[in-house]
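Undergrad: here is a sequence together with a model predicted from it:
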Amino acid sequence: MTDHRPIGFWLKLVDRLIDERFADTLEEHGVTRRQWQLLNVLSRGPATGTELDAALAPFLSAVDGETVQENLAELVESGWVALSPSGYSLADSGRTALAALSSTVDKTRAITADGISAEQYAQTLDTLERMARNLGWNE
């Protein structure tokens, strides 16, 4: 008889493995996963520091003391993100870097979902969202 592990086991394991895979993939290109996420958020338009904090809050490690500001500082220093009095925006060099990294990230995403149909993937996301809402999460 197979010992069925609880959902928490699988959620934590998959989350850790995704983090590790993306960290390895992006590190090869000199970018952290949080920086990749910031570039993606900013690709949709300018944002304030508060908006970026909110967008990345679920991903930041409180244990490590990770902050959006430390990741933004490197992106601003590299010229990929511009800072103005109204907030942050993606610079042309940031758009170029994001486009170049996208194919690498797409390959990692494909590996993650290999053997899973689009319907199964969508159902998994729907189920996880429902569980989160059942536990009190409200977007």
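TA: All right, it came through fine. Numbering: from 1, shown residues only.
Undergrad: do you know how far the spatially closest residue to Ala100 that is not a sequence neighbour is from Trp137?
TA: The shortest distance from Ala100 to any non-neighbouring residue, by CB to CB, 6 or more residues apart in numbering, is to His29 (7.8 Å). Yep, even glycine has a C-beta here, placed from its N, CA and C like the rest. The gap separating His29 from Trp137 is 32 Å, by CB to CB, to the nearest Å.
Undergrad: what about the nearest residue to Leu60 once chain neighbours are set aside, how many residues nearby?
TA: Nearest non-adjacent residue to Leu60, counting by CB to CB, 6+ apart: Glu66, 4.7 Å away. Here the number of neighbours of Glu66 (other CB atoms under 10 Å) works out to 15.
Undergrad: quick check: Glu66 touching Arg34?
TA: Yes. Contact criterion CB atoms under 8 Å: Glu66 and Arg34 qualify, at 6.9 Å.
Undergrad: next, count neighbours for Arg33.
TA: 20.
Undergrad: just list the residues touching it, thanks.
TA: 19, 22-23, 26, 59 (CB atoms under 8 Å, 6 or more residues apart in numbering).
Undergrad: from the residues you listed, which land in helices?
TA: Here DSSP state H is the test, and these give 19, 22-23, 26 as lying in helices.
Undergrad: please indicate which of those are buried?
TA: Neighbour counting with 16 or more other CB atoms under 10 Å marks 22, 26 as buried within the ones in helices among the contacts of Arg33.
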